[in-house]
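Visitor: Sequence and predicted model, in that order:
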Amino acid sequence: MPLPIILSRWVHVISACLAIGGVFFMRFIFSRGLSLLDLESSERLLRQTRRSFKMLIHTVILFLLISGIYNTYLAWDKYKLDEAVLHALWGTHILLATLAFTISLYVLAGVVPPRSHRKLMAVNFVILLMAVAAASTLKWAREKAMAEHSSSAAVLDKQ
């Protein structure tokens, strides 16, 4: 039983790293390199690179959805230990992830990026970091709730 759980968490974390790293690279590093090229070469390289990046992002979103649903299913009973905090953090994580997915899909739709693609990718980078912050806080709060629950159960067992 532990192997699917570990694998699912690993897939989720690696997918998040690829999404954040890919957005960071495309927005902050690749765009600087494009500025060194003439306009025609720059546009051609951007179109070709966007196609590969689009495939990466679509795959990452799929893996994040599958592993996220599985991880939530496994942990849902633990979220009932402190529903107000844990559900708020889970909901924030899901909301930010959905927003990041939507922005990514919008920016990568079509052959030519929208005029606001640079700004949207910068915003998306911040949203992805906030989603990771919500997820790590959720994990901490879940473990804290589990520890408090097990210590109170141990006290009740002694009585």
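Guide: Nice, thanks for sending it over.
Visitor: can you give me the helices in the protein?
Guide: For the chain, helices defined by DSSP state H occupy the ranges 2-24, 31-34, 39-79, 83-108, 117-158.
Visitor: ok, and what's touching the shortest one?
Guide: In other words, helix 31-34. Helix 31-34 is contacted by residues 42, 45-46, 118 when judged by CB atoms under 8 Å, 6 or more residues apart in numbering. Using the backbone N, CA and C atoms, a C-beta is placed for each residue, glycine as well.
Visitor: Next, give me the two most distant ones among the residues you listed.
Guide: Within those, Leu45 and Arg118 form the most distant pair, 15.4 Å apart (CB to CB).
Visitor: which secondary element of this structure has the worst mean pLDDT?
Guide: helix 117-158 (a mean of 86; mean pLDDT, DSSP states H and E).
Visitor: Against which helices or strands is it packed?
Guide: Using 3 or more CB pairs under 8 Å, 6 or more residues apart in numbering; DSSP states H and E as the contact test, the elements touching helix 117-158 are helix 2-24, helix 39-79, helix 83-108.
Visitor: got JSON lines for these, with mean pLDDT too?
Guide: Listed next are the helices and strands packed on helix 117-158 as JSON lines, based on pLDDT from 0 to 100:
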{"stretch": "helix 2-24", "mean pLDDT": "95"}
{"stretch": "helix 39-79", "mean pLDDT": "94"}
{"stretch": "helix 83-108", "mean pLDDT": "95"}
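Visitor: ranking those by burial, who's on top?
Guide: helix 83-108 (a mean of 17; mean count of other CB atoms under 10 Å).
Visitor: tell me the angle that helix makes with helix 39-79.
Guide: Helix 83-108 runs at 160 degrees relative to helix 39-79, counting by axes from the mean of the first three to the mean of the last three CA atoms, to 10 degrees.
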